[in-house]
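> Model the following, please.
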Amino acid sequence: MQPVSEVSGTAYPWGAKNVDTDVIIPAHWLKTIKRSGLGRGAFETVRAQPGNIFDDPAYAGAPILIAGDNFGCGSSREHAAWALADMGIRAVIAPSFSDIFSGNAFKNGIVPVVLPQEAVDRLLEVAKDQPVTVDLETMTVTTPFQDRFAFELDPFRRRCLMEGLDEVGLTLAKDTVISKFEELLDHERPWIKGESGYAGVAVKGTGRT
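This is a model prediction of the structure:
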(Lines give C-alpha, C1' and ligand atoms only; values in the text may rest on other atoms or scores of the structure.)
Protein backbone atom coordinates (compact mmCIF):
# COMPACT_ATOMS: atom_id res chain seq x y z
CA MET A 1 0.00 0.00 0.00
CA GLN A 2 1.33 3.42 -0.96
CA PRO A 3 1.78 5.91 1.91
CA VAL A 4 -0.51 8.93 1.79
CA SER A 5 -0.02 12.09 3.83
CA GLU A 6 -1.70 14.54 1.45
CA VAL A 7 -4.16 14.24 -1.40
CA SER A 8 -4.47 17.37 -3.49
CA GLY A 9 -5.98 18.21 -6.84
CA THR A 10 -9.21 18.19 -8.78
CA ALA A 11 -12.20 16.65 -7.02
CA TYR A 12 -15.34 15.11 -8.47
CA PRO A 13 -18.14 17.36 -7.10
CA TRP A 14 -20.76 14.61 -7.20
CA GLY A 15 -22.66 14.87 -3.92
CA ALA A 16 -24.99 11.91 -4.52
CA LYS A 17 -26.47 10.38 -1.34
CA ASN A 18 -26.90 6.72 -0.39
CA VAL A 19 -24.52 5.50 -3.08
CA ASP A 20 -24.32 1.74 -2.58
CA THR A 21 -21.47 -0.54 -3.57
CA ASP A 22 -23.44 -1.88 -6.53
CA VAL A 23 -23.36 1.62 -8.00
CA ILE A 24 -19.65 1.94 -7.26
CA ILE A 25 -18.89 -1.40 -8.96
CA PRO A 26 -21.71 -3.54 -10.44
CA ALA A 27 -21.98 -7.20 -9.43
CA HIS A 28 -20.90 -8.62 -12.80
CA TRP A 29 -17.42 -7.19 -12.19
CA LEU A 30 -16.97 -9.28 -9.05
CA LYS A 31 -15.83 -12.39 -10.92
CA THR A 32 -12.24 -11.18 -10.81
CA ILE A 33 -9.95 -11.45 -7.80
CA LYS A 34 -7.53 -8.92 -9.27
CA ARG A 35 -7.50 -5.33 -8.09
CA SER A 36 -6.34 -3.90 -11.40
CA GLY A 37 -8.75 -3.06 -14.19
CA LEU A 38 -11.79 -2.48 -11.99
CA GLY A 39 -11.61 1.26 -12.60
CA ARG A 40 -13.19 0.61 -16.01
CA GLY A 41 -16.33 -0.67 -14.30
CA ALA A 42 -16.50 1.96 -11.57
CA PHE A 43 -19.81 3.85 -11.64
CA GLU A 44 -20.77 2.01 -14.81
CA THR A 45 -24.48 2.81 -14.55
CA VAL A 46 -23.72 6.47 -13.88
CA ARG A 47 -21.32 6.62 -16.80
CA ALA A 48 -24.02 5.26 -19.08
CA GLN A 49 -25.78 8.61 -18.71
CA PRO A 50 -24.81 11.41 -21.13
CA GLY A 51 -22.85 14.25 -19.58
CA ASN A 52 -21.97 12.34 -16.41
CA ILE A 53 -19.33 13.82 -14.15
CA PHE A 54 -16.97 10.82 -14.27
CA ASP A 55 -16.40 11.17 -18.01
CA ASP A 56 -16.16 14.96 -17.95
CA PRO A 57 -12.64 15.93 -19.15
CA ALA A 58 -12.56 18.71 -16.55
CA TYR A 59 -12.33 16.10 -13.79
CA ALA A 60 -10.26 13.44 -15.54
CA GLY A 61 -7.92 11.68 -13.13
CA ALA A 62 -9.30 13.46 -10.06
CA PRO A 63 -7.83 11.95 -6.86
CA ILE A 64 -10.73 13.12 -4.66
CA LEU A 65 -14.43 12.29 -4.72
CA ILE A 66 -16.95 14.46 -2.88
CA ALA A 67 -20.11 12.49 -2.18
CA GLY A 68 -23.28 12.65 -0.11
CA ASP A 69 -24.45 11.01 3.08
CA ASN A 70 -24.17 7.22 3.63
CA PHE A 71 -21.58 6.61 0.91
CA GLY A 72 -20.69 2.94 0.31
CA CYS A 73 -23.81 1.41 1.79
CA GLY A 74 -25.16 -1.97 0.69
CA SER A 75 -23.01 -5.07 0.27
CA SER A 76 -19.60 -5.49 1.86
CA ARG A 77 -17.72 -6.05 -1.42
CA GLU A 78 -14.12 -4.90 -1.15
CA HIS A 79 -14.14 -4.55 -4.94
CA ALA A 80 -15.77 -1.14 -4.40
CA ALA A 81 -12.62 0.18 -2.75
CA TRP A 82 -10.46 -1.59 -5.36
CA ALA A 83 -12.42 0.10 -8.17
CA LEU A 84 -12.05 3.57 -6.66
CA ALA A 85 -8.33 3.06 -6.11
CA ASP A 86 -7.91 1.76 -9.66
CA MET A 87 -9.51 4.89 -11.09
CA GLY A 88 -7.06 7.00 -9.07
CA ILE A 89 -9.20 8.13 -6.14
CA ARG A 90 -7.18 8.48 -2.91
CA ALA A 91 -9.72 10.29 -0.74
CA VAL A 92 -13.51 10.41 -0.46
CA ILE A 93 -15.23 13.26 1.38
CA ALA A 94 -18.79 12.73 2.65
CA PRO A 95 -21.00 13.46 5.68
CA SER A 96 -21.01 9.74 6.55
CA PHE A 97 -19.90 6.33 5.28
CA SER A 98 -20.99 2.75 5.63
CA ASP A 99 -18.80 1.22 8.35
CA ILE A 100 -17.73 -1.71 6.16
CA PHE A 101 -16.90 0.50 3.19
CA SER A 102 -14.93 2.85 5.42
CA GLY A 103 -12.87 -0.09 6.69
CA ASN A 104 -12.27 -1.41 3.17
CA ALA A 105 -11.25 2.05 1.95
CA PHE A 106 -8.72 2.41 4.76
CA LYS A 107 -7.23 -1.03 4.02
CA ASN A 108 -6.73 -0.02 0.40
CA GLY A 109 -5.09 3.35 1.00
CA ILE A 110 -8.17 5.52 0.48
CA VAL A 111 -8.81 8.27 3.05
CA PRO A 112 -12.48 8.43 4.14
CA VAL A 113 -13.03 12.01 5.30
CA VAL A 114 -16.17 12.77 7.30
CA LEU A 115 -17.29 16.41 7.30
CA PRO A 116 -20.57 18.15 8.19
CA GLN A 117 -23.04 18.62 5.35
CA GLU A 118 -22.41 22.39 5.33
CA ALA A 119 -18.70 21.83 4.70
CA VAL A 120 -19.43 19.25 2.01
CA ASP A 121 -21.83 21.67 0.30
CA ARG A 122 -19.11 24.34 0.27
CA LEU A 123 -16.56 21.90 -1.18
CA LEU A 124 -19.02 20.81 -3.87
CA GLU A 125 -19.25 24.42 -4.99
CA VAL A 126 -15.50 25.12 -4.86
CA ALA A 127 -14.56 21.86 -6.59
CA LYS A 128 -16.41 22.85 -9.76
CA ASP A 129 -13.34 24.78 -10.86
CA GLN A 130 -10.80 24.78 -8.02
CA PRO A 131 -8.59 22.11 -6.39
CA VAL A 132 -9.13 20.65 -2.93
CA THR A 133 -6.47 19.42 -0.48
CA VAL A 134 -6.83 16.69 2.14
CA ASP A 135 -3.92 16.86 4.61
CA LEU A 136 -3.39 14.02 7.09
CA GLU A 137 -0.60 15.90 8.87
CA THR A 138 -2.91 18.74 9.91
CA MET A 139 -6.13 16.71 9.61
CA THR A 140 -7.75 19.39 7.48
CA VAL A 141 -9.42 19.87 4.12
CA THR A 142 -8.52 23.19 2.50
CA THR A 143 -9.27 25.18 -0.65
CA PRO A 144 -7.59 28.12 -2.45
CA PHE A 145 -10.24 30.38 -0.86
CA GLN A 146 -8.83 29.79 2.63
CA ASP A 147 -11.59 27.35 3.57
CA ARG A 148 -10.27 25.08 6.29
CA PHE A 149 -12.32 22.15 7.58
CA ALA A 150 -10.98 19.91 10.35
CA PHE A 151 -11.79 16.22 10.35
CA GLU A 152 -11.08 13.29 12.64
CA LEU A 153 -9.51 9.93 11.92
CA ASP A 154 -8.70 7.00 14.18
CA PRO A 155 -5.01 7.43 15.18
CA PHE A 156 -4.16 3.85 14.22
CA ARG A 157 -5.75 4.21 10.78
CA ARG A 158 -4.06 7.57 10.27
CA ARG A 159 -0.67 6.03 11.05
CA CYS A 160 -1.29 3.09 8.69
CA LEU A 161 -2.32 5.41 5.86
CA MET A 162 0.65 7.73 6.33
CA GLU A 163 3.14 4.85 6.58
CA GLY A 164 1.50 2.73 3.88
CA LEU A 165 0.84 -0.19 6.22
CA ASP A 166 -1.78 -2.80 5.37
CA GLU A 167 -2.19 -6.10 7.26
CA VAL A 168 0.88 -7.56 5.58
CA GLY A 169 2.93 -4.45 6.28
CA LEU A 170 1.89 -4.42 9.93
CA THR A 171 2.95 -8.06 10.27
CA LEU A 172 6.31 -7.47 8.58
CA ALA A 173 6.92 -4.54 10.94
CA LYS A 174 6.90 -7.09 13.78
CA ASP A 175 9.40 -9.38 11.99
CA THR A 176 12.09 -9.09 14.68
CA VAL A 177 9.65 -9.81 17.52
CA ILE A 178 8.14 -12.75 15.64
CA SER A 179 11.57 -14.22 14.85
CA LYS A 180 12.66 -14.00 18.49
CA PHE A 181 9.45 -15.68 19.63
CA GLU A 182 9.94 -18.52 17.13
CA GLU A 183 13.54 -19.04 18.28
CA LEU A 184 12.39 -19.23 21.91
CA LEU A 185 9.59 -21.61 20.98
CA ASP A 186 12.02 -23.89 19.11
CA HIS A 187 14.23 -24.02 22.21
CA GLU A 188 11.45 -24.64 24.72
CA ARG A 189 9.32 -27.01 22.61
CA PRO A 190 11.59 -28.75 20.08
CA TRP A 191 8.98 -31.42 19.41
CA ILE A 192 6.84 -28.85 17.58
CA LYS A 193 9.57 -28.39 15.01
CA GLY A 194 10.12 -32.17 14.86
CA GLU A 195 13.85 -32.03 15.52
CA SER A 196 15.66 -35.37 15.29
CA GLY A 197 17.08 -36.79 18.49
CA TYR A 198 14.17 -35.73 20.67
CA ALA A 199 13.68 -38.59 23.15
CA GLY A 200 10.11 -37.85 24.07
CA VAL A 201 8.40 -38.33 27.41
CA ALA A 202 6.53 -41.50 28.32
CA VAL A 203 2.89 -41.02 29.25
CA LYS A 204 2.23 -43.07 32.39
CA GLY A 205 -0.08 -46.04 31.96
CA THR A 206 -0.30 -45.81 28.17
CA GLY A 207 3.06 -46.99 26.94
CA ARG A 208 3.04 -44.05 24.54
CA THR A 209 5.62 -41.30 24.16
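
> just checking, residue 126 touches residue 142?
No - Residue 126 is beyond contact range of residue 142, at 10.0 Å (criterion: CB atoms under 8 Å). For the C-beta atoms, the positions are set from N, CA and C on the backbone; glycine is no exception.

> what do these two both touch?
Counting by CB atoms under 8 Å, 6 or more residues apart in numbering, the residues touching both residue 126 and residue 142 are residue 132.

> For this structure, which helix or strand comes out least confident on mean pLDDT?
Ranked by mean pLDDT, DSSP states H and E, the helix or strand of the chain with the weakest confidence is helix 167-172, at a mean of 60.

> Beyond that one, next helix or strand please.
helix 175-188 (DSSP states H and E).

> And that next one, what does it pack against?
Packing partners of helix 175-188 (3 or more CB pairs under 8 Å, 6 or more residues apart in numbering; DSSP states H and E): helix 190-193.

> Show me what the mean pLDDT comes to for the helix it packs on.
Here helix 190-193 scores 73 as its mean pLDDT.

> Tell me which residues of it come out buried.
Residues of helix 190-193 classed as buried by neighbour count (16 or more other CB atoms under 10 Å): none.

> So which other helices or strands are in contact with it?
Identification of packing neighbours for helix 190-193 by 3+ CB pairs under 8 Å, 6+ apart yields helix 175-188.

> How far does the helix it packs on sit from its chain's centre?
Taking CA atoms, centre = their mean, to the nearest Å, one finds the center of helix 175-188 at 32 Å from the center of the full chain.

> how about the strands of the chain, start to end?
Ranges of strands in the chain, per DSSP state E, are 6-9, 11-13, 64-66, 91-94, 111-114, 132-135, 140-142, 148-150.

> With distance to residue 121 and mean pLDDT as extra columns, can I get the ones you listed in a markdown table?
Shown next, in a markdown table, are the strands of the chain (distance: least, CB to CB, whole Å; pLDDT from 0 to 100):
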| stretch | distance to residue 121 | mean pLDDT |
| --- | --- | --- |
| strand 6-9 | 20 | 98 |
| strand 11-13 | 10 | 98 |
| strand 64-66 | 10 | 98 |
| strand 91-94 | 11 | 98 |
| strand 111-114 | 14 | 98 |
| strand 132-135 | 13 | 98 |
| strand 140-142 | 13 | 98 |
| strand 148-150 | 11 | 98 |
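
> what's the burial count for residue 12?
Close neighbours of residue 12, defined as other CB atoms under 10 Å, add up to 23.

> Spatially, what comes nearest to residue 11 if we skip its sequence neighbours?
Nearest residue to residue 11, sequence neighbours excluded (CB to CB, 6 or more residues apart in numbering): residue 64, at 3.7 Å.

> Quick check: beta-bridge partners of the one you found?
residue 11, residue 91 (DSSP bridges).

> How about the contacts made by it?
Counting by CB under 8 Å, 6+ apart, residue 64 makes contact with 7, 9-12, 89-93, 127, 132, 134.

> Buried members of those into PyMOL, please.
To isolate the buried ones among the contacts of residue 64 in PyMOL, judged by 16+ other CB under 10 Å, type:
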select buried, resi 7+9+10+11+12+89+90+91+92+93+127+132+134
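
> Sounds good, over and out.
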